[in-house]
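K.L.:
here's a sequence, model it:
(chains A and B)
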Amino acid sequence: MKHLLSTDGLDPATALAILDTADSLKKTLLGREVRKLPTLRGRTVITMFYENSTRTRASFEIAGKWMSADVVNVSAAGSSVGKGESLRDTALTLAAAGADCVIVRHPASGAAHRLAGWLADVGTSVVNAGDGTHEHPTQALLDAATLRDRLGSVDGKRVAIVGDVLHSRVARSNVHLLTALGAQVVLVAPPTLLPVGVADWVPGLEVSHDVDAELPTLDAVMMLRVQAERMHGGFFPSAKEYSIAYGLSEARARMLPGHAVVLHPGPMLRGMEIAAAVADSPRSAITEQVANGVHVRMAVLYHLLAGEEEGS
Amino acid sequence: MSLVIRGVKPYGEDPVDLLIEDGVITEIGAGLKGDEVIDADGLVALPGFVDLHTHLREPGREDTETIETGSRAAALGGYTAVFAMANTDPVADNAVIVEHVWRRGREVGLVDVHPIGAVTVGLKGEKLAELGTMAKSQANVRIFSDDGLCVADPLIMRRALEYTKALGAVIAQHAEEPRLTVGAQAHEGETAARLGLAGWPAVAEESIVARDCLLAFHAGARLHVCHVSTQGTADVLRWAKGRGTQVSAEVTPHHLLLDDSRLTSYDPVNKVNPPLRTATDAAALRAALADGTIDVVATDHAPHAHQDKDCEWSAARPGMLGLQTALPIVVATMVEPGLLDWRGVARVMSERPAEIAGLPDHGRPIAVGEPANLTLVDPNGRWTVHGADLASIAANTPYEGMELPGTVVVTLLRGEVTARDGKAAR
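P.N.:
Numbers count the residues shown, from 1 in each chain, chains lettered A, B, ... in the order given. This next block holds a predicted model:
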């Protein structure tokens, strides 16, 4: 694997290999006093974040550091990006400065694909940490890892993704990955928040506008954040109406089967798309998602940067 | 000084010799003699092409195209007249700018450059530009357009349609309802949804075309619809023409050939406005051009600097080069599949555009006494497109590396060779 740009087209064997690596890294680090592996010593990883992010950036940084890579953070503010330098020039500059891997988050869909093209001659790996409303592949991988932990496997499980699918890179990445791993995915949203032609994305993808009808059938439900700007964009009449129709209230959570898991990619709007009591309940795997995020990102860096040593 | 074009096939029909004297076809026959001879054995003669929609970027973006380089591209593409869009910097919304463009075109002399005037001051859509002054200027403006932007306000559009009736001019509308295309990046459909690109829905075009057809009908005015891109627009046009609306329409070569499946690379060379639609739309556009619902092919030739395309998709400017690749794409999409014969090509690339623009000396029959504005085409020629080799300063062609059928061998403007064997006369 040279880059991780999307889960669309990621073959299931590679995805499972990443998840297995994440698992073994997790076990290796469990209970250790010094959580540091020498695997990526001497490798340089640069994070380029053109959007505000706390958790994803920290997660990648920790992942790199626990693998002993040198991690450098470049943010759009305070770098030459703010002086109008093009994404291409910034990337080529960082690659020339010795980056083995560039982790990029950018508001433009496709930015990571463009970077991979520009860096093809240099040989630098690119990880997509979220591009516009396109994909966020490591989020989907960590969600899959969490589902495996809780449910034993992803294969054959029924998973609903509820909320603003239209603008969600998390939803796109999860649709492709979870389906590839054998899950039955159902998207639940008002029609205004569903992309045109969404049902044709992958064979068997289901679409619903009725969250109550879906809940009793699910093994997992993933609640998406509703961004403030959508509330003013006429996508739905009011936050209250959205919350009533699609929010995961305590009453709704009781409609889930006993084993079903609640996921949220964060940051959460408690009381909006998810009730605080549900987010903090035992069926919520939200903090495990964050923990798995580090292990999955370690695994991704391992497969990208240490891949040749294992001969894959 | 006389010129004989030997053995050429007008409209692809029986070969003849054409004698040209003082810019006029003076004799058609066999074994004609002249001071100079062009051996045109196997070539098809067509009336010189007329492009109703091109961006020559002068004044303002001479780093991407000038009237001189654009004229070269036009001559090499077989064009003898082009209409230069008004969205320059400064905007061509007054007599000074349109006369400058017209004069520079004459100085270069490779193609008749006709400026299009802006409909509204600064393309802002708020206040009519001085249409009458531009019409009566030396530039003799006959087409007005805010292209790049839509005249979205229905009252401004109504007034513009009404007002131009007295000028013998036509409004060319870039049909895009702005409220439906906020932030739009790609055709709203499965591909854009997968790629996470904000959608530019077909209905944003179709609703404006429907509205404008109704307004033009109501005003008894003429309307020209720029770059039709959807099947639905073709349906609306068919209906409007059926009830007697004075509406004409153009389609670009790229909307005939390309579709949004190309977007998966995120390479902005494929970014254009209106966006590449689905393969179904492209097929419907080809059918609509064949049956006359869409009147003409216009290039929407839009040069852009390298840095404005070599970037992330959303930061890139929309548009693609088109003058030198138009005929080959019409050959590939219309002639080779049997949708148009060479008479049909003459109609959509020369005769109808000249008629819409009111150009008396272009789009004329190949006949004795007619001006020798001619394009000689090798129907069996094939060439591979390289952006760097095109005459434009910019190189943003979506056809890079593509082998296309049909080559323009000679272009004649009033009997003078403006391009021959891939080289412009100057």
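
K.L.:
per-residue confidence for the spatially most central residue of chain B?
P.N.:
For chain B, the residue nearest the mean C-alpha position is residue B:298 (2.3 Å; CA atoms, centre = their mean). Residue B:298 is assigned 98 on the pLDDT scale.

K.L.:
the helices in chain A, which residues?
P.N.:
Ranges of helices in chain A, per DSSP state H, are A:12-29, A:55-66, A:87-96, A:111-118, A:137-151, A:169-180, A:211-214, A:228-231, A:239-246, A:250-253, A:276-279, A:286-305.

K.L.:
got the end-to-end distance for stretch B:14-31?
P.N.:
Across stretch B:14-31, the terminal residues are separated by 14 Å (CA to CA, to the nearest Å).

K.L.:
return the set of buried residues in that stretch.
P.N.:
For stretch B:14-31, a neighbour-count test (16 or more other CB atoms under 10 Å in any protein chain shown) marks B:15-21, B:23, B:25-26, B:28 as buried. The way it works is simple: take the backbone N, C-alpha and C, and place the C-beta from them, glycine included.

K.L.:
which phi and psi does the residue nearest to the centre of chain B have?
P.N.:
Main-chain dihedrals, residue B:298, degrees, to the nearest 10: phi -130, psi 150.

K.L.:
report the contact partners of residue B:255.
P.N.:
By CB atoms under 8 Å, 6 or more residues apart in numbering or on different chains, the residues touching residue B:255 are B:227-229, B:274, B:276-277, B:281-282, B:285.

K.L.:
JSON lines for those residues, including distance to chain A, pLDDT and neighbour count?
P.N.:
Shown next, in JSON lines, are these (distance: CB to the nearest CB, whole Å; pLDDT from 0 to 100; neighbours: other CB atoms under 10 Å in any protein chain shown):
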{"residue": "B:227", "distance to chain A": "22", "pLDDT": "98", "neighbour count": "24"}
{"residue": "B:228", "distance to chain A": "21", "pLDDT": "98", "neighbour count": "30"}
{"residue": "B:229", "distance to chain A": "16", "pLDDT": "98", "neighbour count": "28"}
{"residue": "B:274", "distance to chain A": "16", "pLDDT": "98", "neighbour count": "25"}
{"residue": "B:276", "distance to chain A": "15", "pLDDT": "98", "neighbour count": "25"}
{"residue": "B:277", "distance to chain A": "13", "pLDDT": "98", "neighbour count": "25"}
{"residue": "B:281", "distance to chain A": "14", "pLDDT": "98", "neighbour count": "23"}
{"residue": "B:282", "distance to chain A": "17", "pLDDT": "98", "neighbour count": "23"}
{"residue": "B:285", "distance to chain A": "20", "pLDDT": "98", "neighbour count": "25"}
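
K.L.:
filter the residues you listed down to the ones in helices?
P.N.:
Judged by DSSP H, the contacts of residue B:255 include B:281-282, B:285 as members of helices.

K.L.:
hang on, the earlier thing: got the helices of chain A as JSON lines, with distance to residue A:130 and mean pLDDT columns?
P.N.:
JSON lines is the format used below for the helices of chain A (distance: least, CB to CB, whole Å; pLDDT from 0 to 100):
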{"stretch": "helix A:12-29", "distance to residue A:130": "17", "mean pLDDT": "96"}
{"stretch": "helix A:55-66", "distance to residue A:130": "7", "mean pLDDT": "96"}
{"stretch": "helix A:87-96", "distance to residue A:130": "15", "mean pLDDT": "90"}
{"stretch": "helix A:111-118", "distance to residue A:130": "9", "mean pLDDT": "96"}
{"stretch": "helix A:137-151", "distance to residue A:130": "8", "mean pLDDT": "98"}
{"stretch": "helix A:169-180", "distance to residue A:130": "5", "mean pLDDT": "97"}
{"stretch": "helix A:211-214", "distance to residue A:130": "26", "mean pLDDT": "98"}
{"stretch": "helix A:228-231", "distance to residue A:130": "17", "mean pLDDT": "73"}
{"stretch": "helix A:239-246", "distance to residue A:130": "23", "mean pLDDT": "93"}
{"stretch": "helix A:250-253", "distance to residue A:130": "28", "mean pLDDT": "97"}
{"stretch": "helix A:276-279", "distance to residue A:130": "22", "mean pLDDT": "96"}
{"stretch": "helix A:286-305", "distance to residue A:130": "13", "mean pLDDT": "97"}
